[in-house]
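Chemist: after the sequence you'll find the predicted model.
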Amino acid sequence: MTREVRAFAVTVLTLAALGVAAGLLWSGLTPRAPYQVTERGTVLADPTTQALIAADGWFAVITGGLGLLCGGVAWFSGRRWMLPVLLGLCAGGALASFLTLWTGSTFTIGAVTVEAAAAPGVKVVPGALKLTASGVMVSWPLLAVGFFGLLEGMHGYRDSPLRQPYGGLGPS
């Protein structure tokens, strides 16, 4: 029992650490939306900007790619404790997505430049990273568990008697 708990905990903690690193990568790669400072607060300077969509896209690409990587590594390394590792992928992937969002929106990595056509005397500032499509939060756990299941299904089918004609029993 303790080995299963240890396999689960190691999987979750590993994915959580990767989530922090993914958040820093997301912060460094994603463009910031331009906001202008007014007397009522900050408003979007360019309503046609694609930076908000790009933030969602970069988040999905980074977390989805890491989900595939984690699913493959977990399947190859966790062959003795399949169920705890699979549950760890699910819980750790969800935690890693939240940590990616928190880290990326809290810390700014790299130089942030904002380009927007502003009227003279209007101050334009970069906006904080945030997700507008919250559905991309499930890309890490979904792809990790899905790829893990795909690898296990292909491996199980290869050794299955159902792969042979007549289920390995021969014609009657």
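Modeler: Yep, that arrived. Numbering: from 1, shown residues only.
Chemist: distance from the chain centre to stretch 36-53, please.
Modeler: Distance of stretch 36-53 from its chain centroid, counting by C-alpha atoms, centre = their mean, to the nearest Å, is 26 Å.
Chemist: ends of it, what's the gap?
Modeler: 19 Å (C-alpha to C-alpha, to the nearest Å).
Chemist: got the buried residues for it?
Modeler: Residues of stretch 36-53 classed as buried by neighbour count (16 or more other C-beta atoms under 10 Å): Gln36, Ala45, Asp46, Thr49, Ala51, Leu52. Every C-beta, even on glycine, is put in place using the N, C-alpha and C of the backbone.
Chemist: tell me how far the first one lies from Ala51.
Modeler: From Gln36 across to Ala51, the span is 14 Å (C-beta to C-beta, to the nearest Å).
Chemist: what about the residue lying closest to Ala128 once chain neighbours are set aside, distance to Gly88?
Modeler: Leaving out its chain neighbours, the residue that sits closest to Ala128 by C-beta to C-beta, 6 or more residues apart in numbering is Ser105, at 5.7 Å. Using C-beta to C-beta, Ser105 is found at 25 Å from Gly88.
Chemist: likewise Asp46?
Modeler: 42 Å.
Chemist: Arg79 now?
Modeler: Arg79 is 14 Å from Gly88, by C-beta to C-beta.
Chemist: try Arg158
Modeler: 25 Å.
Chemist: pick out whichever of those two has more residues nearby.
Modeler: Neighbour totals were compared for Arg158 and Gly88, and Gly88 leads with 26 against 8 (other C-beta atoms under 10 Å).
Chemist: hang on, the more buried one packs against Arg6?
Modeler: No: contact between Gly88 and Arg6 fails when scored by C-beta atoms under 8 Å: they sit 10.2 Å apart.
Chemist: what touches both of those two?
Modeler: Here Gly88 and Arg6 have no joint contacts, going by C-beta atoms under 8 Å, 6 or more residues apart in numbering.
Chemist: so where do the helices sit in this structure?
Modeler: 2-29, 51-77, 82-106, 139-158 (DSSP state H).
Chemist: rebuild these as JSON lines, extending it with distance to Val122 and mean pLDDT.
Modeler: Formatted as JSON lines, the helices of the chain follow (distance: least, C-beta to C-beta, whole Å; pLDDT from 0 to 100):
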{"stretch": "helix 2-29", "distance to Val122": "26", "mean pLDDT": "95"}
{"stretch": "helix 51-77", "distance to Val122": "18", "mean pLDDT": "93"}
{"stretch": "helix 82-106", "distance to Val122": "25", "mean pLDDT": "95"}
{"stretch": "helix 139-158", "distance to Val122": "37", "mean pLDDT": "91"}
